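*Asks:* My questions are about this predicted structure, shown below with the sequence.
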Amino acid sequence: MTDLLSIPPLQLNRAAQAAPQVFEALRGLIVSVTLEPGTVLSRAELAEHFGVSQTPIRDALLRLDEEGLVDVFAQHATVVSRIDLSAVTQAHFLRRSIELELMGVLADAPASRRLPLVQNLKQQIDNQVRFLVAGEHRNFADADRAFHRELYLAAGMSSLWDLVRQRSGHIDRLRCLHLPTKGKTQGIVRGHRAIVSALQRGGAEEAREAVRGHLSGTLSYVDEIRQRFPAFVRG
């Protein structure tokens, strides 16, 4: 299990509020499974690690609790939560429902709107391939999310992306556990290329079908992931 002291401390922007920065740093460590389920988070140790008082630490932990990424035991401890398979299923349903609709909007848009998006998505894929070759799974996962975020922004649905991100902590952790599986990252890149090709041609149903196939991957491996990491998963 990773010790917090082995993780380089975040260099906070002292001109900005500390709590949101601590929240994002801890969320990234949890979602990437750098901080594994079951890790105890001490407010005092976190405050020392980030060089802040315990107040922003408390606020950050409360936000993580709201997303279900930590379990807070009053007067006792805060622990990184196990991956909740019910939350995984609901987040997958939410994201698939939204992105299928996004594909219709984007694929039916005029070529003058689609082509700049296609170019941006191709650059995102180039980033993914670079991280794939280097075996940098955390950076690859970030680039994967950046690809999908681009779709929401292009459709003018940035608030929906914020909602999906807030609900996706459990499924993102499941994906991170699955990424090192042979062929997984290559499959993600193929799925992204299929989405881009459909958008480039302007085929709404083809684009929706590409999204259906792309988003089905991790859930079909839930049982295998649960067998490999029984202490990390519940439900």
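*Replies:* Cool, the structure landed.

*Asks:* going forward, measure contacts and count neighbours with C-alpha atoms only.
*Replies:* OK.

*Asks:* Tell me which stretches of this protein form strands.
*Replies:* Counting by DSSP state E, the segments of the chain that form strands are 40-41, 70-73, 77-80, 83-84, 233-234.

*Asks:* The second one pairs with which strands?
*Replies:* Paired strands of strand 70-73, with direction, are strand 77-80 (antiparallel) (DSSP bridges).

*Asks:* Low-confidence bits of this structure, can you list those?
*Replies:* 1-3, 5 (pLDDT under 70).

*Asks:* Kindly report the domain assignment for it.
*Replies:* 4-81, 84-234 (automatic domain parsing).

*Asks:* How about the residue nearest the centre of the chain, nearest residue that isn't a chain neighbour?
*Replies:* Nearest to the mean C-alpha position of the chain, counting by C-alpha atoms, centre = their mean, stands residue 172 at 4.3 Å. In space, and not counting its chain neighbours, residue 172 is closest to residue 31: 6.1 Å by C-alpha to C-alpha, 6 or more residues apart in numbering.

*Asks:* ok, that neighbour to residue 68 distance?
*Replies:* 11 Å (C-alpha to C-alpha, to the nearest Å).

*Asks:* Find residues that contact each of those two.
*Replies:* Counting by C-alpha atoms under 8 Å, 6 or more residues apart in numbering, the residues touching both residue 31 and residue 68 are 169, 170.

*Asks:* Have a look at these two and say which one is more surrounded.
*Replies:* Comparing residue 31 with residue 68 by other C-alpha atoms under 10 Å, the one with more neighbours is residue 31, at 24 against 21.

*Asks:* Return the distance of that one relative to residue 205.
*Replies:* 32 Å.

*Asks:* how about stretch 200-208: buried residues?
*Replies:* In terms of neighbour count (16 or more other C-alpha atoms under 10 Å), stretch 200-208 has its buried residues at 200, 202, 203, 204, 206, 207, 208.

*Asks:* biggest separation within the residues you listed, which pair?
*Replies:* 200 and 208 (13.2 Å; C-alpha to C-alpha).

*Asks:* As a check, name the ranges of all helices in the protein.
*Replies:* Remark: helices assigned in the chain by DSSP state H are 18-31, 43-50, 54-66, 85-107, 111-134, 137-154, 158-167, 169-178, 184-201, 204-215, 222-228.

*Asks:* Out of those helices, which is the most enclosed?
*Replies:* Mean neighbour count (mean count of other C-alpha atoms under 10 Å) peaks for helix 169-178 among those, with a mean of 22.

*Asks:* Can you list the neighbours in contact with it?
*Replies:* Taking C-alpha under 8 Å, 6+ apart as the rule, helix 169-178 contacts 30-33, 67-69, 83-85, 87-89, 91-92, 137-138, 141, 184, 218, 225.

*Asks:* now with 7 Å?
*Replies:* Under the contact criterion C-alpha atoms under 7 Å, 6 or more residues apart in numbering, helix 169-178 has outside partners 31, 32, 33, 69, 83, 84, 87, 88, 91, 218, 225.
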